[in-house]
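Asker: Coordinates only, no sequence provided:
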């Protein structure tokens with residue numbers, strides 16, 4: 001019995017620390033991505049983040065991570081570009097020396113009635129939200145050691161679409177559920193896990209808690225409020241250390257889907 005307890009304690013310890021690990025957070029210069037990068041760094045990981053237009057914010061984040069005693073790097077990469085989506089993963093592994101955790105956070109939302117959406121808008125949303133995630137995940141799987149983690153940021157709208165105008169966005173994020181479950185099966189033999197986190201309304205500069213329509217969004221949750229980015233980041237960090245959770249959808253939505 002004593003030996004069994006000791007073994008379990010060792011396993012639990014190895015699953016709850018990110019010391020010596022390296023992570024890439026796509027779209028990590030602000031919002032959920034920035035909060036996630038900081039949380040992973042606080043738990044011991046070296047961190048790379050990608051950005052498109054937020055160079056200054058990304059560089060400031062790098063300085064903050066370095067002040068925690070961790071290595072950090074900011075990489076400009078547009079997830080809509082096939083070469084850049086995969087190349088960011090390769091660059092992160094090269095700069096940090098390894099890659100243990102990929103957080104597919106980069107995404108865009110284009111809302112509106114279907115008939116108003118241009119083909120260019122449809123193509124870009126699918127390129128960023130679906131193709132970019134697939135290519136980054138494939139590139140990560142090629143360089144990850146056993147015990148790697150692929151964590152994707154979805155949306156509560158894959159569970160419940162509360163009104164019109166979200167068809168394209170919900171479709172793109174719903175595709176990631178299938179991708180996540182398939183990755184879990186394909187990579188499970190290598191000990192690599194794949195999970196997806198579904199945030200509800202989160203207070204960010206893209207969707208502020210005091211913005212137009214915010215009261216209605218908050219009212220659709222069981223808790224009656226917006227979440228904060230750190231609440232999503234804490235769940236992502238947990239999955240980054242969890243060895244026996246894979247193929248799972250985890251809601252961080254305040255009861256939006258309840």
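Answerer: Great, that's in hand. None of these values were measured; they are calculated from a predicted model. Numbers count the residues shown, from 1 in each chain.

Asker: Next, find the distance separating residue 117 from residue 78.
Answerer: Residue 117 sits 20 Å away from residue 78, taking Cβ to Cβ, to the nearest Å as the criterion. (C-beta placed from N, C-alpha, C; glycine too.)

Asker: err, residue 90, not the other one
Answerer: Counting by Cβ to Cβ, the gap from residue 90 to residue 78 is 15 Å.

Asker: of these two, who's got more company?
Answerer: Higher neighbour count among residue 90 and residue 78: residue 78, with 18 against 14, using other Cβ atoms under 10 Å.

Asker: residue contacts, the more buried one?
Answerer: Counting by Cβ atoms under 8 Å, 6 or more residues apart in numbering, residue 78 makes contact with 52, 84, 85.

Asker: Who's the closest spatial neighbour of the first one, skipping the chain neighbours?
Answerer: Spelled out, it's residue 52. In space, residue 52 comes closest to residue 78 once its chain neighbours are excluded; the distance is 5.2 Å by Cβ to Cβ, 6 or more residues apart in numbering.

Asker: need the longest helix for this protein.
Answerer: Longest helix in the chain by number of residues, with DSSP state H as the criterion: helix 167-187.

Asker: Against which helices or strands is that helix packed?
Answerer: helix 119-126, helix 132-143, strand 149-153, strand 193-199 (3 or more Cβ pairs under 8 Å, 6 or more residues apart in numbering; DSSP states H and E).

Asker: ok, back up a step: out of the contacts of residue 78, which one sits closest to residue 60?
Answerer: Ranked by distance to residue 60 (Cβ to Cβ), these are led by residue 52 at 15.9 Å.

Asker: Please report how far the closest one lies from residue 169.
Answerer: Counting by Cβ to Cβ, the separation of residue 52 from residue 169 is 18 Å.

Asker: Can you tell me which of the contacts of residue 78 is nearest residue 240?
Answerer: Nearest to residue 240 among the contacts of residue 78 is residue 85, at 20.6 Å by Cβ to Cβ.

Asker: if we can go back for a sec, quick one: which of residue 52 and residue 169 has more around it?
Answerer: Applying other Cβ under 10 Å to residue 52 and residue 169 shows that residue 169 carries more neighbours, namely 21 against 18.

Asker: list the contacts for that one?
Answerer: Residue 169 is in contact with 109, 110, 111, 125, 129, 155, 157, counting by Cβ under 8 Å, 6+ apart.

Asker: Could you dump those into JSON lines and include secondary structure, neighbour count and pLDDT?
Answerer: Shown next, in JSON lines, are the contacts of residue 169 (DSSP: H, G, I helix; E, B strand; the rest coil; neighbours: other Cβ atoms under 10 Å; pLDDT from 0 to 100):
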{"residue": "109", "secondary structure": "coil", "neighbour count": "17", "pLDDT": "90"}
{"residue": "110", "secondary structure": "coil", "neighbour count": "19", "pLDDT": "92"}
{"residue": "111", "secondary structure": "coil", "neighbour count": "14", "pLDDT": "91"}
{"residue": "125", "secondary structure": "helix", "neighbour count": "21", "pLDDT": "97"}
{"residue": "129", "secondary structure": "helix", "neighbour count": "29", "pLDDT": "98"}
{"residue": "155", "secondary structure": "coil", "neighbour count": "26", "pLDDT": "96"}
{"residue": "157", "secondary structure": "helix", "neighbour count": "24", "pLDDT": "93"}
